[in-house]
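Asks: Sharing a sequence plus its predicted fold:
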Amino acid sequence: MTPPTITLNSGTTIPQLGLGVWQATNDETERAVRYAIDEAGYRHIDTAAAYGNEEGVGRALAASSVPREDVFVTTKLWNADQGYEPALKAFDTSLEKLGTDYVDLYLIHWPLQDRDRLLRTWDALEKIAGSGRAKAIGVCNFEPHHLQLLIDRGGMLPAVDQVELHPHLPQQEIRRFASEHGIAVESWSPLGGTSNSGWGPNSKPNTLLVDPIVTRIADRHSKSAAQVLIRWHLQNGLIVIPKSVHEQRISQNIDVFDFELDELDLSELDTLDDGTRVGMHPDEMNIGAPA
Ligand SMILES: NC(=O)C1=CN([C@@H]2O[C@H](COP(=O)(O)OP(=O)(O)OC[C@H]3O[C@@H](n4cnc5c(N)ncnc54)[C@H](OP(=O)(O)O)[C@@H]3O)[C@@H](O)[C@H]2O)C=CC1
Ligand SMILES: O=C1CO[C@H](CO)[C@@H](O)[C@@H]1O
């Protein structure tokens, strides 16, 4: 089954399930994206300038038999390129690497700590949206206080806030705030992140995929732990972008439309909320910020 779509405040529709490609090389990305689109039925890819694999995504899009307009492509503006002119330039570079003349969603990767620069960056994204070269614009890692800056400014609201989100960190406050303002929430590290280690200062290795609560629910449905977690995101109305470079897992992660978590499953998963992050807290992140 094709994943359902969500209509963003920009009017664009986004497939609720997509493929993440962080930590994949260009060649791995090309193969994974090609397989995801042509064989597994994905229509949504999440990359970023910082991942260094936009070219791999571009090569896969060019080679695919699925037309460009049928695939939802997201990329992100890296921290070093915040500011009005730098953001416009970085966007052109991303389009060039992706080999496309528009993206479906362009996101600010992190809010950083310089509020004036952040607002100038948002001005640039509005200009890009106005030109039609990004069908929608949005943000990542914005806490409600960051979103409030854009709300107070007037102008366009982000279509999406992409944040770390999984049963250990369900982000209820961000979800409530975003929902009040018509902003869709997208979950990154939806399976709990890469299996070997976390990357934030307070983070722990991924334990979600082997958590006994998750695996017990998976057994009840004859599904995998990853499929249970993906269902949890979908049934919570979230956009979800699990990453894999393995064909069998790419297929498995989209094979989630023939079962449903029931109230008991959902309430058991809710008990996993312990605030554990795999990444950095946005208020502590300033890596790569322009001087
Ligand atoms: N905006 C932001 O700041 C951020 C955005 N992101 C985005 O979110 C995406 C997803 O997050 P990410 O951090 O990659 O982590 P995920 O939670 O998607 O987990 C990915 C890990 O799980 C493994 N995996 C995937 N499917 C399965 C499966 N079915 N069974 C067992 N293991 C599996 C992958 O291994 P393998 O590949 O070897 O199969 C990989 O190690 C990123 O790729 C990126 O696009 C991520 C971090 C920050
Ligand atoms: O998307 C992400 C993954 O990689 C980066 C770290 O190298 C993060 O900063 C970022 O949020």
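Replies: Sure, I can see it. Numbering: from 1, shown residues only. Ligands and ions are numbered 1, 2, ... in the order given.
Asks: Residues of the stretch 151-291 of the chain that sit close to ligand 1?
Replies: 162, 188-195, 209, 224, 226, 241-246, 249, 252-253, 279 (Cβ under 6 Å from any ligand atom). (Each C-beta comes from the backbone N, C-alpha and C, glycine too.)
Asks: let's go with 8 Å and repeat that
Replies: 162-164, 166, 187-196, 206, 208-209, 224-227, 241-246, 248-250, 252-253, 278-279 (Cβ under 8 Å from any ligand atom).
Asks: So which of these sit within helices?
Replies: 225-227, 248-250, 252-253 (DSSP state H).
Asks: could you flag which of the residues you listed are buried?
Replies: Neighbour-count burial (16 or more other Cβ atoms under 10 Å) is assigned, among these, to 225-227, 249-250, 252-253.
Asks: I'd like the residues you listed as JSON lines, with pLDDT appended.
Replies: Formatted as JSON lines, those follow (pLDDT from 0 to 100):
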{"residue": "225", "pLDDT": "98"}
{"residue": "226", "pLDDT": "98"}
{"residue": "227", "pLDDT": "98"}
{"residue": "249", "pLDDT": "98"}
{"residue": "250", "pLDDT": "98"}
{"residue": "252", "pLDDT": "98"}
{"residue": "253", "pLDDT": "98"}
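Asks: What are the boundaries of the strands in this structure?
Replies: Taking DSSP state E, the strands of the chain run over residues 5-7, 13-15, 19-20, 44-46, 72-77, 103-108, 134-140, 160-164, 184-188, 239-240.
Asks: Any chance of the ones you listed in JSON lines with distance to ligand 2 and mean pLDDT as columns?
Replies: Output for these, formatted as JSON lines (distance: least, Cβ to the nearest ligand atom, whole Å; pLDDT from 0 to 100):
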{"stretch": "strand 5-7", "distance to ligand 2": "21", "mean pLDDT": "98"}
{"stretch": "strand 13-15", "distance to ligand 2": "18", "mean pLDDT": "98"}
{"stretch": "strand 19-20", "distance to ligand 2": "9", "mean pLDDT": "98"}
{"stretch": "strand 44-46", "distance to ligand 2": "9", "mean pLDDT": "98"}
{"stretch": "strand 72-77", "distance to ligand 2": "7", "mean pLDDT": "98"}
{"stretch": "strand 103-108", "distance to ligand 2": "10", "mean pLDDT": "98"}
{"stretch": "strand 134-140", "distance to ligand 2": "7", "mean pLDDT": "98"}
{"stretch": "strand 160-164", "distance to ligand 2": "8", "mean pLDDT": "98"}
{"stretch": "strand 184-188", "distance to ligand 2": "7", "mean pLDDT": "98"}
{"stretch": "strand 239-240", "distance to ligand 2": "15", "mean pLDDT": "98"}
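Asks: deepest of the ones you listed, which one?
Replies: With neighbours defined as mean count of other Cβ atoms under 10 Å, the strands of the chain peak in mean count at strand 239-240, which reaches a mean of 28.
Asks: My read is that residue 129 contacts residue 136, right?
Replies: Yes. Here residue 129 reaches residue 136: they are 7.1 Å apart, a contact under Cβ atoms under 8 Å.
Asks: Residues that sit against both of those two, list them.
Replies: Residues touching both residue 129 and residue 136 (Cβ atoms under 8 Å, 6 or more residues apart in numbering) are 10, 106.
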